[in-house]
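predicted model follows, preceded by the sequence.
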Amino acid sequence: MTKDFNYSNLKLGIIGGGQLGKIMAVKAKKMGFHVTILDPTLDCPAAQVSDKQIVGGFFDKDKLEQIVKDSDVTTFELEHVDTSVLKKLYDEDNNIHPSPYLIELIQDKFKQKEFLDKKGIPVPKYKNVQTPADLESFGLPIIQKARKGGYDGKGVALLKDKDDLQNALPGETFIEELVDIKKELAVMVSRNIEGQIACYPVVEMLFDDRVNICDIVIAPAKVDSKIEEAARKMSIDSIEALDGVGIFGVELFLTNNDELLVNEIAPRPHNSGHYTVEACATSQFEQIIRAVTNLPLGSTKLITPAAMVNLLGEEGFTGEPVIEGIHETLEIDGLSFHFYSKKETKPFRKMGHITVLDDTVDGALEKVEKAKEILKIKGSKKV
């Protein structure tokens, strides 16, 4: 795609129609682009704000070919897709970003880690599991991860002692050393087709220990400038090593010895970047569209400190979502409420998020924790 392209007619295809695709589509429509969504669920969240939906699965070769052929540029809101047909289409000079070859590498978390390690990017000590004895290669406790398909805490197991070995994950897995973590950090990095890089502030992620899902994101992270600079450099180095085009969420561990290690990379908008919608000059959702359509990247300047909390479906409920406490929550100064319009809630399903802006990080965190206590997503049925 050259700079002479007529952007008034641009057709953008997004593989995946969840909340990330929805906010991407809203931004793309604001820029005047035609948006097509591929998702197996009719009237999925992204389809509600797009021009067209192709109803099909992410491993349906015919539907994947259809969205690529129907679009000037195709991108992703998720990485768990069939890459074989996408690689063929990419090699035939269709515009698909990030490259399906990169998506395939990132799908396999062991290969992703191996790649970064070979490029000199610090990662936790790791080993492929080929026999049961491999689980104890580093001693116990240890973290075991599924090589493919894991997300939001799924596909991760903590094996504390020999008794836990009977609970080891089946299938293709690898192990990682149990890192002595001080903080979990993240950095959003965008890179366009011409290689321009834009890096967002370093943020801190707090997790819900019940299911190991990101709970709260604090922007900026409460770390010193030396660590901030090192985290940003490590994140940029990782995306340049991958030759990535699009936007990427780089998750990092900060150890108690102040060592930084790359945990994993998401090749799409990321939960840790939701705060950018209200708090940054250019959101992660607009930035990916700029990157994959070969437009100049926007400013990543943090306008004001922010905190974001995920709204998860409450335990014990399913069915049609019921929002409790919305009136009291929206009285909190500086708060923005996002609901994803999913037709059914489940325990711990991501149903929306809240971002709060404040003059200080501590002020934003205090307000978002208050909102979390008030607002609940329950369901029409008890389980």
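That came through, no problem. Since the structure is predicted, the reported quantities are computational estimates derived from the model, not experimental observations.

now for the residue nearest to the spatial centre of the chain: which residues touch it?
Residue closest to the mean C-alpha point of the chain, counted by C-alpha atoms, centre = their mean, is H270 at 2.5 Å. Listed by C-beta atoms under 8 Å, 6 or more residues apart in numbering, the contact set of H270 reads 186, 188, 247-249, 284. Using the backbone N, CA and C atoms, a C-beta is placed for each residue, glycine as well.

just T360 next, same as before
T360 touches P305, counting by C-beta under 8 Å, 6+ apart.

where's it relative to G334, distance?
Computed with C-beta to C-beta, to the nearest Å, the distance linking T360 and G334 is 11 Å.

what's the pLDDT at D209?
On the pLDDT scale, D209 is placed at 84.

same deal with the one 10 residues further on?
Per-residue pLDDT puts A219 at 98.

going forward, begin numbering at 28 instead of 1
Done: numbering now begins at 28, and the last item shifts to A246.

isn't it up against T331?
No: using C-beta atoms under 8 Å, A246 is not in contact with T331; the gap is 9.3 Å.

skip the chain neighbours and tell me the closest residue to F86.
D109 (4.3 Å; C-beta to C-beta, 6 or more residues apart in numbering).

state the distance from that neighbour to V95.
For D109, the distance to V95 - C-beta to C-beta - is 12 Å.

the more surrounded of those two?
Taking neighbours as other C-beta atoms under 10 Å, D109 and V95 compare with V95 leading, 24 against 16.

what sits against K181?
A173.

if you set the cut-off to 10 Å instead, what comes out?
173, 238-240 (C-beta atoms under 10 Å, 6 or more residues apart in numbering).

ditto for P296
By C-beta under 10 Å, 6+ apart, the neighbours of P296 are 46-48, 50-51, 102-104, 215, 217, 273-276, 303, 310-312, 314-315.

mutual contacts of A246 and T331, please.
Counting by C-beta under 10 Å, 6+ apart, the residues touching both A246 and T331 are 306-307, 384, 388, 391.

a markdown table for the residues you listed, including secondary structure, neighbour count and pLDDT?
Listed next are those as a markdown table, based on DSSP: H, G, I helix; E, B strand; the rest coil; neighbours: other C-beta atoms under 10 Å; pLDDT from 0 to 100:
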| residue | secondary structure | neighbour count | pLDDT |
| --- | --- | --- | --- |
| A306 | helix | 26 | 98 |
| C307 | strand | 24 | 98 |
| L384 | strand | 20 | 98 |
| V388 | helix | 18 | 97 |
| A391 | helix | 25 | 98 |
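
any chance of the residues you listed in JSON lines, with distance to P323 too?
Formatted as JSON lines, the shared contacts of A246 and T331 follow (distance: C-beta to C-beta, whole Å):
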{"residue": "A306", "distance to P323": "21"}
{"residue": "C307", "distance to P323": "16"}
{"residue": "L384", "distance to P323": "26"}
{"residue": "V388", "distance to P323": "30"}
{"residue": "A391", "distance to P323": "30"}
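
for those, which one is nearest L281?
V388 (16.3 Å; C-beta to C-beta).

for the residue nearest to the closest one when sequence neighbours are not counted, what are phi and psi?
Among residues not flanking V388 along the chain, P332 sits closest, at 4.5 Å (C-beta to C-beta, 6+ apart). The phi/psi pair for P332 (degrees, to the nearest 10) reads phi -60, psi 150.

isn't P332 up against V395?
No: assessed by C-beta atoms under 10 Å, P332 is found out of contact with V395, at 11.1 Å.

show me which helix runs longest in this structure.
For the chain, the helix with the greatest residue count under DSSP state H is helix 252-269.

mind listing what's buried in that helix?
254-255, 257-259, 261-266, 269 (16 or more other C-beta atoms under 10 Å).

and if you look at stretch 143-155?
Buried residues in stretch 143-155 (16+ other C-beta under 10 Å): 143, 148, 150-151, 153-154.

now render the residues you listed as CSV, adding pLDDT and secondary structure.
CSV is the format used below for the buried residues of stretch 143-155 (pLDDT from 0 to 100; DSSP: H, G, I helix; E, B strand; the rest coil):
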residue, pLDDT, secondary structure
L143, 98, helix
I148, 98, coil
V150, 98, coil
P151, 97, coil
Y153, 97, strand
K154, 97, strand
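
between those residues, which sits nearest G352?
The closest of these, once distances to G352 are taken by C-beta to C-beta, is P151, at 39.2 Å.

how close does Q171 sit to L132?
Q171 is 21 Å from L132, by C-beta to C-beta.

circling back to that earlier point, among the shared contacts of A246 and T331, which pair sits farthest apart?
Longest span within the shared contacts of A246 and T331, C-beta to C-beta: C307 and V388, 14.7 Å.

that's a helix at E342, yeah?
No: counting by DSSP: H, G, I helix; E, B strand; the rest coil, E342 falls outside a helix, being coil.

one step back: mind listing which of the contacts of H297 are in strands?
Judged by DSSP state E, those include 213, 215, 274-276 as members of strands.

now M28, nearest residue through space, not along the chain?
Closest to M28 by C-beta to C-beta, 6+ apart is N321, at 4.7 Å.

which pLDDT value belongs to that neighbour?
93.

cool, and I202?
97.

next one: it from S407, what distance?
I202 is 42 Å from S407, by C-beta to C-beta.

more neighbours: the two, which one.
Set I202 next to S407 and count neighbours by other C-beta under 10 Å: I202 wins out with 24 against 12.

adjacent strands (with direction) for the helix or strand harbouring that one?
Assigned by DSSP states H and E, I202 falls within strand 200-203. Strand pairing for strand 200-203, using DSSP bridges, gives strand 153-156 (antiparallel), strand 169-173 (antiparallel).

out of these, which comes closest to V289?
Per C-beta to C-beta, nearest to V289 of the strands paired with strand 200-203: strand 153-156, 11.3 Å.

can you list contacts of that closest one?
Residues beyond strand 153-156 that count as contacts (C-beta under 10 Å, 6+ apart) turn out to be 136-138, 140-141, 144, 161-162, 164-165, 169-172, 174, 195-196, 198-204.
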